[in-house]
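Trainee: please find the sequence and the predicted model below.
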Amino acid sequence: MNLSRQRFTPYLLAPLLLLMLLPGLAAADKFPAQQAFAGQNLTLNGKGIRTKLFFNLYTAGLYLQQANKDANAIIMAEQPMALRLEITSAMITSETMSSAVQDGFKLSAGNNLPALQGRIDQLIKIFSAKINEGDIYDFVYRPQQTLIIKNGQAAGTISGADFKQALYAIWLGRQPVQDSLKKQLLGQ
């Protein structure tokens, strides 16, 4: 039986296009334009993908009360905000996340690292639970405390504006984990 390419191609093309679009549609649902975090309605400021080499590790979204492109103002703000991470790679494990958190705080906290270390350890303990591809972490800041939510369930609360500033500076600070991700989170 000889099928010509012209008759066969359209039948394959439509399902392939649908399969290519579905992952993007599913991801969009996890980063809606408006989202309630711990009772506070926030707006998506920007979202982007954390990559390493050729791998997509996670998608991040920054939620604020109103749009803002000033990274330092966001870091220092004493108002509700949230950072959402969706794990998109099996390369992210408890061990790799714990190591990345420690490295990130070393860059973002500077001389304040010793004062934050106990609270950083609290965050690392939260990441000691198994991490799976598809897990979603929300870091919700309400003045003087950061609530960590994993897959819709409260995982812990860490106090202090200084902790929040160093945490958000991992992505938005002068030495961010990835420059392109920082720009995406700022909506640039």
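Mentor: Yes, it's here.

Trainee: sheet-wise, list the partners of the lengthiest strand in the chain with their directions.
Mentor: Longest strand of the chain, by residue count under DSSP state E: strand 40-52. The strands beside strand 40-52 in its sheet (DSSP bridges) come out as strand 34-37 (antiparallel), strand 55-64 (antiparallel).

Trainee: contact partners of the shortest one?
Mentor: Right, strand 34-37. 41-44, 63, 80, 82, 84, 138, 140, 149 (C-beta atoms under 8 Å, 6 or more residues apart in numbering). Backbone N, C-alpha and C define where each C-beta goes, glycine included.

Trainee: assign the residue nearest to P143 when sequence neighbours are not counted to helix, strand or coil.
Mentor: In this structure, P143 finds its nearest non-sequential neighbour in E78, 5.1 Å apart by C-beta to C-beta, 6 or more residues apart in numbering. Remark: E78 carries the secondary structure label coil [criterion: DSSP: H, G, I helix; E, B strand; the rest coil].

Trainee: is E78 in contact with A161, as I believe?
Mentor: Yes: counting by C-beta atoms under 8 Å, A161 is a contact partner of E78 at 6.3 Å.

Trainee: more neighbours: which of the two?
Mentor: The neighbour comparison of E78 against A161 (other C-beta atoms under 10 Å) goes to A161, with 15 against 12.

Trainee: for that one, give me its contacts.
Mentor: For A161, the contacting residues are 78, 143-144, by C-beta under 8 Å, 6+ apart.
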